[in-house]
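# What follows is a protein structure lacking sequence information:
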Ligand SMILES: Nc1ncnc2c1ncn2[C@@H]1O[C@H](COP(=O)(O)OP(=O)(O)OP(=O)(O)O)[C@@H](O)[C@H]1O
Ligand SMILES: [Mg+2]
């Protein structure tokens, strides 16, 4: 399975591979934190490692950084085998969740820390520090100490310090998780912008799916130490490779059922799907996202159409930009179905609690995953 | 799919070690080597010494005696056969020490040094040493001697290993009773000190009494003086010519009474710090809960306060117990005929030159010290986990009656502590107690007394300064390496063990171990014996652990990610160390150095075996002047130590404050 995942996406294929990880394992005693990880990252790509807490994201990042070596496997960076190189001989800048700014050094001393000691003239270092401060948008904070800055400002200083030495690779371990929501959204764009401007290959660890979806060129979804899927944000969202991915990113309605002839049966309803490669009678889990449940005017008495269900609205909850709607259907038995209806649709169809309507689960949006042995 | 996977066969990936890694290992190795040489090897030497016995083995020697003509020889006969025949030496007489001698003529009742009879002697084994005059012989060849020379033949004992020393120790009622005495005074002092210190700590943490700062300051004073100083004060107050003697109603201050009072004095601040910490971390919310349940004050005290402080109380008890049982100065000064273990070591070594028996007593003294140490470590671990829990600090509310009672208690303790110091000061400044009470600085004229004079004071100052500087550097660098090295788990664990060990080793034991190890001509380090260097080494080692723990605590509070960041910026570790780690840890570094300084000024127990005429020390001078009957000068020298330590503390406080002020900008949150 990992073979097929290691393929670089078409969009980035033009760029050469910069970082390549092959057959990487990490054991803590008997516990396997990473299992057979293989992955290629193109020059200039922005990659997110995404997954629930404890899935091994940080462990993978630390292996790449040479802070905590893998137990098995190889890592190449820029064509060089770095698997056994100590951290000091690798080429990366790193930003930790804590920022790890040196508290007793001013902002400019912090940024200059990696520049001093390199036989560069003082004036040149000072100019570079100023340039970096401009780049992260904090030109007038040079003389302050880290403790005198806000969390978001500290974060940007840590970033400036990391990129000061022009590293080939930028590693970010949950850089935004210590910030409050507003600042976080703002900084997402800034970091992304900066990365694009510098063209530095970047790996960011996060457990926030929104962050990953909005920033990454490609996302590596991890769970229990394995890669579940690698793909662009839209691929991951639209074509989740596993039920775990479908569940972890966005929401799904899930029903356990069996597969036959390109369709799944739920109660009385037959739902066509685009799933391929499954044996007839295979146990599967059908999943459909709430926003893929499309409302239609109720067509009482009409012949049932494929992928259409007659439902009743049990409850509705207004969530700002849409209505979250709890539906039941005799065809589904006890299984509830959740749908997100736009304000428009609610107005157009006059939806309210207790109303009946027909909903469509479009065949291309009905996701089918084999059951058994699969997580979740 | 994930569950079935197993790690593929193969070699574990190991990162190559970079130059930083090697440098850190080298530093750690050097400091570990220091601890091995300054601690592990001497202890080993002492331990093995305690199993060595010396005795005369009469079966190893053979004699022949000629007739009056000196030409016709009788049959060879062993010394053992001769002794069996005569019954001259009982088996006990044959036991000896390393430099024992046995005159052979005692085995020949007819011996006369003028007679023409000739004698022959030889060994029957390879190791049969005997002296002819001052010549050491060790041969299986016959040696022929005239009677006048034979008179000067002495057998030498041979060494053996075994438990005899221990058997002898435990069958000697006088020595054995010291164990009882030590346990007795240590137990009583512990109970009293913990009770008193708890009351004091309770007043400081839980009441709204005034003058808390002053009381805290007074309570810390005993740390600044040698443990034997209260002994001197007690002699002035309750000794044979003491001005408060009637208060004892005929009891003698010399003995357990004096030791216990003095022990309470010098252990009080140690217990207070521990208990105060335990009380200060208690949670306000528990008290609010108790109040809401309408629990009485008394009930709250027993169900909330005591359980909350129990680790502190246990820890304080063990620390106090260890301090008392290993203390040597106080029983020496005021113990009279009352023997305790620490005194026995001193007497065996200094008085009787019986090093082997000194080693045995040391091993016996090690046992309670190590037990207390192990229990204390366990308790400390639990206390730390309490500390890290998030709690709301207790805010006492004013309660006039309670506050007054607490104030009264602290005043009593304050008078006791300050009084002891004041009596010493008073004794130092008057001309001749009790006959001439006029003011005089005569007692400070140390050069007129035995004990080392002013030179001893300057030596102490030099020792304290060197210990503070060198010790702090070694300790901090060692702690940094052990905390910040990547990998190398076994090495780090071994280092950690070595660094914790000194806490379990009483000073007397360390000092004696140093004699065995360094005063051995075969040891290349023998050269430092009798110099300032060995005093510095022993003092640094003796107080290593507390400094190490302080450094570790400070280092653990630093973000663990500094090192990876600096590495990713391709900076060597020492640059981070110099520019960030040391500045951030400066308060802790200052704390370590003042701790080393003060202890080096006051310590007696380790150095009492190690000083030489050139390196006499102030604290030892107090002891020796007291021994020689110069009690007032002893008090004056003790006060010199007090002034010095008080000054050092004030300077330390200023330095700490100015550092804090300078670094305020980057410490604000
Ligand atoms: N030094 C260690 N020793 C033993 N187990 C470890 C160690 N470090 C990590 N682990 C385990 O490895 C697994 C992966 O940890 P990792 O820190 O990589 O998770 P993560 O995906 O970064 O999670 P989070 O989002 O919480 O940061 C966890 O189960 C963790 O308990
Ligand atoms: Mg993590």
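Ah, there it is. Keep in mind the model is a prediction, meaning the values are calculated, not measured. Ligands and ions are numbered 1, 2, ... in the order given.

# pLDDT score for the closest residue to ligand 1 within the stretch 201-350 of chain B?
When scored by Cβ to the nearest ligand atom, the stretch 201-350 of chain B has residue B:311 as its residue closest to ligand 1, at 28.0 Å. (Each C-beta comes from the backbone N, C-alpha and C, glycine too.) pLDDT recorded at residue B:311 is 79.

# cool, and residue A:9?
pLDDT recorded at residue A:9 is 44.

# With residue A:106 instead?
At residue A:106 the predicted local confidence, pLDDT, stands at 92.

# That one contacts residue A:143, correct?
Yes. When contacts are counted by Cβ atoms under 8 Å, residue A:106 is listed as touching residue A:143 (5.6 Å).

# mind listing the helices in chain A by residue range?
Ranges of helices within chain A are A:2-5, A:57-65, A:107-112, A:122-135, A:151-163, A:181-198, A:209-215, A:233-238, A:243-248, A:343-349, based on DSSP state H.

# and if you look at the stretch 551-669 of chain B?
Along the stretch 551-669 of chain B, counting by DSSP state H, counting those that start in this stretch, helices occupy B:562-568, B:573-576, B:582-602, B:618-627, B:631-662, B:664-667.

# what residues does the first one touch?
Helix B:562-568 is touched from outside by A:65, A:67, A:87-88, A:90, A:92-94, A:96, A:100, A:102, A:113-114, A:161-162, A:167, B:20, B:484, B:573, B:575-576, B:580-581, with contacts defined as Cβ atoms under 8 Å, 6 or more residues apart in numbering or on different chains.

# And the helices of the stretch 551-669 of chain B, which one averages the lowest pLDDT?
helix B:664-667 (a mean of 69).

# host element of the residue lying closest to residue B:314 once chain neighbours are set aside?
Leaving aside its sequence neighbours, residue B:314 sits nearest to residue B:379 (Cβ to Cβ, 6 or more residues apart in numbering or on different chains; 5.0 Å). Per DSSP states H and E: residue B:379 is located in helix B:355-388.

# tell me what that helix is packed against?
helix B:41-50, strand B:52-55, helix B:164-171, helix B:173-206, helix B:306-326, helix B:341-346, helix B:507-518 (3 or more Cβ pairs under 8 Å, 6 or more residues apart in numbering or on different chains; DSSP states H and E).

# residues of the following helix or strand past the fifth one that come out buried?
I take that to be helix B:306-326. Later in the chain than helix B:306-326, the nearest helix or strand by DSSP H and E is helix B:329-334. Of all the residues in helix B:329-334, those buried under the rule 16 or more other Cβ atoms under 10 Å in any protein chain shown are B:329, B:330, B:331, B:332, B:333, B:334.

# and if you look at stretch A:187-198?
Within stretch A:187-198, the residues that count as buried by 16+ other Cβ under 10 Å are A:187, A:188, A:190, A:191, A:192, A:194, A:195.

# and it, what's its mean pLDDT?
Rounded mean pLDDT across stretch A:187-198 is 91.

# Contacts for it, please.
A:46, A:135-137, A:152, A:155-156, A:159, A:163, A:170, A:172, A:175-176, A:179, A:202, A:204, A:211, A:214-215.

# Generate a ChimeraX selection restricted to the buried subset of these.
Command for ChimeraX, covering only those of the contacts of stretch A:187-198 found buried under the criterion 16+ other Cβ under 10 Å:
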select /A:46,135,136,152,155,156,159,163,170,172,175,176,179,202,204,211,215
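
# residue nearest the centroid of the chain?
Unless you meant another one, I'm taking chain A. Centroid-nearest residue in chain A: residue A:212, 3.6 Å away (criterion: Cα atoms, centre = their mean).

# switch to chain B, that's the one I care about
Short answer for chain B (Cα atoms, centre = their mean): residue B:507, at 1.9 Å.

# closest to residue B:215 among the buried residues of helix B:329-334?
residue B:330 (24.1 Å; Cβ to Cβ).

# need the contact list for the closest one.
Residue B:330 touches B:227, B:228, B:230, B:231, B:258, B:259, B:262, B:263, B:266, counting by Cβ under 8 Å, 6+ apart.

# mind checking the backbone torsions on residue B:102?
phi -130, psi 120 (degrees, to the nearest 10).

# who's it bridged to?
residue B:155 (DSSP bridges).

# Could you verify that residue B:486 is part of a strand?
No. Applying DSSP: H, G, I helix; E, B strand; the rest coil, one finds residue B:486 to be coil, outside a strand.

# residue contacts, it?
So residue B:486 contacts A:67, B:15, B:21 (Cβ under 8 Å, 6+ apart).

# and if you look at residue B:303?
B:290, B:295.

# same thing but at 10 Å, please
B:286, B:290, B:293, B:295 (Cβ atoms under 10 Å, 6 or more residues apart in numbering or on different chains).

# what about the last one, distance to residue B:287?
Same thing as residue B:295. 9 Å (Cβ to Cβ, to the nearest Å).

# for the stretch 1-150 of chain A, what are the low-confidence residue spans?
A:1-14 (pLDDT under 70).

# Mind putting the contacts of residue B:330 into CSV with distance to chain A and neighbour count?
As requested, the contacts of residue B:330 are arranged in CSV below (distance: Cβ to the nearest Cβ, whole Å; neighbours: other Cβ atoms under 10 Å in any protein chain shown):
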residue, distance to chain A, neighbour count
B:227, 39, 26
B:228, 43, 25
B:230, 43, 30
B:231, 46, 33
B:258, 51, 27
B:259, 48, 32
B:262, 45, 31
B:263, 43, 28
B:266, 38, 28
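
# The residue in the stretch 101-250 of chain A positioned nearest to ligand 1: neighbour count?
Using Cβ to the nearest ligand atom, the single residue of the stretch 101-250 of chain A nearest to ligand 1 is residue A:207, 4.6 Å away. By other Cβ atoms under 10 Å in any protein chain shown, 18 other residues sit near residue A:207.

# Let's see the pLDDT reported for it.
Residue A:207 is assigned a predicted lDDT (pLDDT) of 89.

# so what's it up against?
Here residue A:207 is in contact with A:49, A:50, A:51, A:52, A:53, A:54, A:55, A:57, A:174, A:177, A:222, A:248 (Cβ under 10 Å, 6+ apart).

# got it, and residue A:337?
Per Cβ under 10 Å, 6+ apart, neighbours of residue A:337: A:253, A:255, A:266, A:288, A:290, A:293, A:309, A:311, A:314, A:325-329, A:331, A:359, A:361.

# From these, list the buried ones, please.
For the contacts of residue A:337, buried by 16+ other Cβ under 10 Å: A:253, A:255, A:266, A:288, A:290, A:293, A:309, A:311, A:325-327, A:329, A:331, A:359, A:361.

# Once you drop chain neighbours, what's closest to residue 104?
Just so you know, I chose chain A. Residue A:104's closest residue in space is residue B:583 (Cβ to Cβ, 6+ apart), at 4.7 Å.

# oops, I was thinking of chain B
Using Cβ to Cβ, 6+ apart, the closest residue to residue B:104 is residue B:153 (4.8 Å).

# residues in contact with the one you found?
Taking Cβ under 10 Å, 6+ apart as the test, what residue B:153 contacts is B:61, B:63, B:101-105, B:119, B:121, B:130-133, B:137, B:143, B:145.
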